[in-house]
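Peer 1: A structural model of the following input is requested.
(2 chains)
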Amino acid sequence: MVKIATWNVNSIKARLANACAWLDTARPDIVLLQELKCQAADFPALEFKALGYQAAVVGQKSYNGVAILARDPITDVVERLPGDEADPQARYVEATIAGLRVASIYLPNGNPVDSEKFPYKLQWMARLRQHARALLASELPVILGGDYNVAPTNDDVYDPAAWAADALCRPESRAAFRRLTHLGLTDAFRAYDERAGQYSYWDYQAGRWQRDEGLRIDHLLLSPQAADRLSLAGIDRTLRGRDKASDHTPVWCELT
DNA sequence: ATGGTTGCCTCGCAA
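Peer 2: Take a look at the predicted model:
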């Protein structure tokens, strides 16, 4: 049994105490982290090592940053998404752990949609799709997890009308997400829970958490060889209710 | 209500 979780921490340094407490109780084998907001040299690797985790880190000052934590050895690390060597943003890390090919993804937010940020998001999604094709061709069990910054359907949004024009919900973003999943990737959470209103992110502002007004934008996408082994999945809402919480909460799955 | 909050390490930007 392998438990894999993805969590946008919104600064790993600000979230270190919460993260360590969570690792101690949830005990995931593999953790995909996003929005570290620090350089790799400042990542608290020693604290995680003390809890039994190795780390592969792609950092960036102030913004972005992704990592993979794992109890088993991490090998064959890839530190950028193929398709644009000039892209300086730290949004992708991929590695092999216990025979699984795993990626931690921080997909661009894309707002405001009338800026260059929205076409960057869509281009990034096209690059991800092309790379996913290559990963699927390997026929390894592959897990592409992270903050996709896409709410796939209106069931994943507390107020679809209010969010219709947002980059997280725009038809172009949803179409690009479908083009990715239609390659043959399984949304691990949706394999176990078809209910509307199951969120992974709640804005800090306007009491969104207290009103349970959120979006489901953090996903674990599984290749067929990984999906064959899927035995459970869920969203751990408890982290969002803690003091000093991230605005995201962990999404997890278990493979046999 | 064009509001509100958090984190960066600056007096604005990103989410």
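
Peer 1: what count of nearby residues applies to the residue of the stretch 1-150 of chain A found nearest DNA strand B?
Peer 2: Closest residue of the stretch 1-150 of chain A to DNA strand B, Cβ to the nearest atom of the strand: A:Ser11 (3.3 Å). No exception for glycine: its C-beta is placed from N, CA and C like everyone else's. Using other Cβ atoms under 10 Å, the number of residues around A:Ser11 comes to 14.

Peer 1: okay, now the residue nearest to it when sequence neighbours are not counted: neighbour count?
Peer 2: Ranked by Cβ to Cβ, 6 or more residues apart in numbering and with sequence neighbours excluded, the top spatial neighbour of A:Ser11 is A:Lys37, at 4.3 Å. Using other Cβ under 10 Å, A:Lys37 has 21 other residues around it.

Peer 1: rounded mean pLDDT for stretch A:28-38, please.
Peer 2: The average pLDDT for stretch A:28-38 rounds to 98.

Peer 1: and DNA strand B, is that stretch touching that?
Peer 2: Yes - Stretch A:28-38 reaches DNA strand B (Cβ under 7 Å from any atom of the strand) through A:37-38.

Peer 1: and that stretch, how far apart are its ends?
Peer 2: 23 Å (Cα to Cα, to the nearest Å).

Peer 1: please identify the buried residues of it?
Peer 2: A:28-38 (16 or more other Cβ atoms under 10 Å).

Peer 1: how far out from the middle of the chain is that stretch?
Peer 2: Distance, stretch centre to chain centre, for stretch A:28-38: 8 Å (Cα atoms, centre = their mean, to the nearest Å).

Peer 1: residues from the stretch 101-250 of chain A in reach of DNA strand B?
Peer 2: A:108-109, A:111, A:117, A:204-206, A:244.

Peer 1: before we move on, the earlier item: let me see the contact set for the residue nearest to A:Ser11.
Peer 2: A:10-14, A:62-65 (Cβ atoms under 8 Å, 6 or more residues apart in numbering).

Peer 1: try 7 Å this time
Peer 2: A:11, A:62-63, A:65 (Cβ atoms under 7 Å, 6 or more residues apart in numbering).

Peer 1: next one: A:Gly241
Peer 2: Contacts of A:Gly241 (Cβ under 7 Å, 6+ apart): none.

Peer 1: check the gap between it and A:Thr256 for me.
Peer 2: Between A:Gly241 and A:Thr256 the computed distance is 30 Å (Cβ to Cβ, to the nearest Å).

Peer 1: with A:Ile74 instead?
Peer 2: 21 Å.

Peer 1: rewinding a little: will you turn the contacts of A:Lys37 into JSON lines that also has pLDDT and secondary structure?
Peer 2: Below are those laid out as JSON lines (pLDDT from 0 to 100; DSSP: H, G, I helix; E, B strand; the rest coil):
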{"residue": "A:Ser11", "pLDDT": "98", "secondary structure": "coil"}
{"residue": "A:Ser62", "pLDDT": "96", "secondary structure": "coil"}
{"residue": "A:Tyr63", "pLDDT": "96", "secondary structure": "coil"}
{"residue": "A:Gly65", "pLDDT": "98", "secondary structure": "coil"}
